[in-house]
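# with the input below, show me the fold.
(one chain, ligands or ions: 1)
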Amino acid sequence: MALRLARVATGKPVVVKFDHHFHGWHDYVAASSKYASHAPAGVPDSTMESVLVIAATAEAVEETLAARDDIAAVIVEAAGAASGSEPLPEGFHQALRAATERHGVVLIFDEVVTGFRWSPGGVQQLEGVTPDLTTLAKILAGGFPGGAVAGRRDLLDYIAFTEPGQAKRAKVGHPGTFNANPLSAAAGVACLREVADGSHQQRSAELAGRLRAGMNGELCRLGIPGVAYGQTSDLRFRLGVPFHAEATDYHPRSLPQSVFESPSNPEADRLLSLALLNCGVFFFGTGGFASSAHSEEDIERTVEAWGDALEAVASEVDFSA
Ligand SMILES: Cc1ncc(COP(=O)(O)O)c(C=O)c1O
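The predicted structure is shown next:
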C-alpha cells in the first residue's frame, strides 16, 4: 500500500530498493541482485522493470535520483538489510532523507521488525529522521495478523473515501480479510500500551548486550573466529569470518565490512543449531531477539549452552580452513 500511495502521489512508477533488504514477498519488493538476469520464480519480468535495486550508500542514492525522473519512492529496511544483519553506514538515514526531499521522492521506512522494538518510535526516533511513510506489522498488532502504513496526511488521504459532493479523485483501495479485525486491534492496543514508555526496550536491549558479550567471550575462550553483534535487543552471529571477537558487545557499525561480506559456512551453522538444540537452546537461524520476559538466568544458561555447542561443532568443523 505504501508503494501505491507513493506512485499515486507522485504520478511516477519506479520504486528504488536496496540490495539484500527484505520487505516481504510482494512482487514489487522481491527484486535483488541475485535475480539480475531473471525475475524470481512466479514474478513477471515486467514487474521488475519498475524496481531499481541499488547499493545502500549515500552516493548510489544521489546518483540514481539525479539520473532519473520516473522514481516514486525509495524503501529501506530502517536498521539495515535483514533487520540489521548488514548495517547501514553512519549518516545514511540523514543523507537519504535529504536526497529524497531534494528530488521529490517519497521516503518509506520499513519498520516491520524495528518499529516499537528499537525504541518506542522505532529506528526513526533513534536516528532523528522522519520518513514520509512507515510500514508496520506484527508488533503493531501485538503479534496477531495486522499491519499499518503510517505517515504524511496528504499521502494517507489517498486511501480516504471522498465525501458526498466532493470532486472524485484517485483512491488507493485496501480491502482485506483482516481489516478492522477486533482481535488484532485489541492485542495491538494492549501491546502498544506496554511498550510506550520504553522500559521493555531498555531491559531487553540490556539483556541482549549481555548475551552478545557473553557469546563473544566463549568465541574468544575457544579461539574460534567469528562474532556475535546486534542493535538494541537484536542478536546476530557470524562464524568462521575473518574476525576474532573479544569478550565484549559489538554494534554492527563497529565491525569491518569483511564480517558481512565473507561467505557463511552453512554446514557449521546447521551443526551449531543442532548442537544448541541438544543443549536446550533454539536460535532463529543465526540470530534472535532478547525479550524483557527473559531473565538474567536465561542469558547465563544460553551463553553456557552456546559455549558447549561451539565446542561440539569445533570438533567437527575446521574454522581455520
Ligand atoms: C523487514 C520486513 N519487512 C516486511 C516483512 C513482511 O511482513 P509480512 O509478512 O507481514 O508481509 C517482513 C517479514 O518478516 C520483514 O522482516
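# contacts for stretch 121-140 next, please.
2, 5-6, 23, 73, 78-79, 93-94, 96-97, 100, 106-119, 144, 146-152, 155, 188, 191-192, 195 (CB atoms under 8 Å, 6 or more residues apart in numbering). Using the backbone N, CA and C atoms, a C-beta is placed for each residue, glycine as well.
# how long is that stretch end to end?
Terminal residues of stretch 121-140 lie 12 Å apart, using CA to CA, to the nearest Å.
# mind listing what's buried in it?
121-124, 126-127, 129, 131-140 (16 or more other CB atoms under 10 Å).
# that stretch close to the ligand?
Yes. Contact of stretch 121-140 with the ligand (CB under 6 Å from any ligand atom) involves Ala137.
# stretch 15-25 too?
Yes. Contact between stretch 15-25 and the ligand, assessed by CB under 6 Å from any ligand atom, occurs at 22-24.
# give me the three-state assignment for the closest residue to Val51 other than its chain neighbours.
Leaving aside its sequence neighbours, Val51 sits nearest to Ala31 (CB to CB, 6 or more residues apart in numbering; 4.3 Å). Following DSSP: H, G, I helix; E, B strand; the rest coil, we place Ala31 in the coil state.
# quick check, Ala31 in contact with Lys17.
Yes. Judged on CB atoms under 8 Å, Ala31 makes contact with Lys17 at a distance of 6.4 Å.
# between the two, who's got more neighbours?
Lys17 (26 against 21; other CB atoms under 10 Å).
# parallel or antiparallel, list what pairs with the strand or helix carrying the more buried one.
Lys17 belongs to strand 14-18 when elements are defined using DSSP states H and E. Partners of strand 14-18 in the sheet, by DSSP bridges, are strand 51-54 (parallel), strand 71-77 (parallel).
# let's have those in a markdown table, adding mean pLDDT, mean neighbour count and distance to the ligand.
Below are those laid out as a markdown table (pLDDT from 0 to 100; neighbours: other CB atoms under 10 Å; distance: least, CB to the nearest ligand atom, whole Å):
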| stretch | mean pLDDT | mean neighbour count | distance to the ligand |
| --- | --- | --- | --- |
| strand 51-54 | 94 | 18 | 15 |
| strand 71-77 | 98 | 25 | 5 |
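# what about Glu111, how many residues nearby?
For Glu111, the count of nearby residues is 26 (other CB under 10 Å).
# coming back round to it: can you turn the buried part of the contacts of stretch 121-140 into a PyMOL selection?
To isolate in PyMOL the members of the contacts of stretch 121-140 that are buried, counting by 16+ other CB under 10 Å, one can use:
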select buried, resi 2+5+6+23+73+78+79+93+96+97+100+106+107+108+109+110+111+112+113+114+115+116+117+118+119+144+146+147+149+150+151+155+188+191+195
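# and this protein, which residues reach the ligand?
22-24, 77, 83, 110, 112-113, 137, 147.
# what about this structure, any weak spots by pLDDT?
36-37, 321 (pLDDT under 70).
# what about the strands in it?
Assigned strands in the chain, in chain order: 14-18, 51-54, 71-77, 106-110, 133-136, 148-151, 226-229, 234-239, 287-289 (criterion: DSSP state E).
# looking at the stretch 51-200 of the chain, which residue is nearest the ligand?
Val112 (3.6 Å; CB to the nearest ligand atom).
# tally of neighbours for Val43?
Using other CB under 10 Å: Val43 sits among 18 other residues.
# His26 is in contact with that one, correct?
No. Look at Val43 against His26 with CB under 8 Å: they stay out of range, at 9.6 Å.
# from Ala190, how far out is the closest residue to the ligand within the stretch 1-150 of the chain?
For the stretch 1-150 of the chain, the residue closest to the ligand is Gly24, as judged by CB to the nearest ligand atom, at 3.0 Å. Using CB to CB, to the nearest Å, Gly24 is found at 25 Å from Ala190.
# now do Leu140
Per CB to CB, Leu140 is found 12 Å from Ala190.
# kindly report the same for Arg153.
For Arg153 relative to Ala190 (CB to CB), the value is 27 Å.
# out of the two, which sits in the busier spot?
Ala190 (10 against 7).
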